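[1] Next come a sequence and a model predicted from it.
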Amino acid sequence: MKTLGVLGGMSWESTALYYRWLNEGVRQRLGGLHSAPLLLWSCDFAQIAQWQQQGQWQLGGQALAQAARQLQQAGAEGLLLATNTMHKVAQEIEAAVDIPLLHIADATGQALVAQGIRQPLLLATAYTMEQDFYRQHLRQHWGIEVQVPEATERAEIQRIIFAELCQGVIAPSSQDWARQLVAQQQTDGLILGCTELGLLLPPEQQALPVLDSARLHVQAALDWMLD
């Protein structure tokens, strides 16, 4: 197996899922006592979130690029950035190292194409829904035209992610609101484009095809590690 470097902590709630799923995936594929060879760098998310709010993305990019270099020096053969939003600085991370970065939008795009989903609804942080870095990647590389909710709905999703999910809170009222939002949309699929949203909207409980970006990212990483 190849050794995977994980840039995590954004938030640690979802990074913990990544760690568990990667190890469970290796055990399922190889059996016995096998587990995933991982190097984990976990940030203080408060600093990253502050830079996001202030629009100082270059500072976040610099911090993650430095962390990526450290993981490569420690022996990582590839990188996984365990968050959707900070893929805004994916190019800065890639430029800092000589090992591949497994892009979360590629894992999602591949699954969308395989299922014939062309105009999915994207639920994510406001940064990911409103800025073009994620939607443009899916459009240019996979031919996917992404829809997003209205402004008031985007603001509520942002609140749920940062005030609840990133702090370990799964509120039934928020789950009900999110299910109603999804039920009202005219779409052929749903992208959970924030790595915490699977906690709010478990894919197996939804009536339409749901693509959980975090789970798809893990599956792509497992394919790479075991190739």
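    Arrived safely.

[2] Now do the helices for the chain: every range, in order, please.
    12-30, 45-54, 57-74, 90-96, 104-114, 126-130, 133-142, 151-159, 172-183, 197-200, 213-226 (DSSP state H).

[3] L80: which of those helices is closest?
    Across these, L80 has its closest neighbour in helix 213-226 (5.2 Å, Cβ to Cβ). All C-beta spots, glycine's among them, are computed from the backbone N, C-alpha and C.

[4] Please export the C-alpha coordinates of stretch 203-213 as PDB.
    Output of stretch 203-213 as PDB, limited to C-alpha atoms (Å, rounded to 0.1, in the frame of the first residue of the first chain):
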ATOM      1  CA  PRO A 203     -27.400   9.400   2.100                       C
ATOM      2  CA  GLU A 204     -29.200   6.200   2.700                       C
ATOM      3  CA  GLN A 205     -32.200   8.100   4.100                       C
ATOM      4  CA  GLN A 206     -32.800  10.300   1.100                       C
ATOM      5  CA  ALA A 207     -35.300   9.700  -1.800                       C
ATOM      6  CA  LEU A 208     -33.000  10.900  -4.600                       C
ATOM      7  CA  PRO A 209     -29.400   9.900  -5.500                       C
ATOM      8  CA  VAL A 210     -27.100  11.500  -2.900                       C
ATOM      9  CA  LEU A 211     -23.300  11.800  -3.500                       C
ATOM     10  CA  ASP A 212     -21.500  12.200  -0.200                       C
ATOM     11  CA  SER A 213     -18.200  13.900  -1.300                       C
END
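
[5] Give me the residues contacting it.
    When contacts are defined by Cβ atoms under 8 Å, 6 or more residues apart in numbering, stretch 203-213 is touched by residues 84, 104-105, 107-108, 111-112, 115, 117, 120, 179, 182-183, 187-195, 197-198, 201, 215.

[6] Pull the number of nearby residues for L123.
    When neighbours are counted by other Cβ atoms under 10 Å, L123 registers 27.

[7] Dig out what it forms beta bridges with.
    L192 (DSSP bridges).

[8] That one contacts I191, doesn't it?
    Yes. L123 is within contact range of I191, at 6.9 Å (criterion: Cβ atoms under 8 Å).

[9] ok, and the closest non-adjacent residue to E92?
    What sits nearest to E92 in space, not counting adjacent residues and going by Cβ to Cβ, 6 or more residues apart in numbering, is G61, at 3.7 Å.

[10] Find me the pLDDT at that neighbour, would you?
    As predicted, G61 sits at a pLDDT of 97.

[11] and if you look at the one 5 residues further on?
    Per-residue confidence at Q66 stands at 98 (pLDDT).

[12] P202 too?
    Each residue has a pLDDT score; the one for P202 is 89.

[13] Would you quantify the distance from it to R215?
    In this view, P202 and R215 are 11 Å apart by Cβ to Cβ, to the nearest Å.

[14] what's the answer for P149, then?
    22 Å.

[15] So for those two, which residue has more residues nearby?
    R215 (21 against 18).

[16] For the more buried one, give me its contacts.
    W21, G198, P203.
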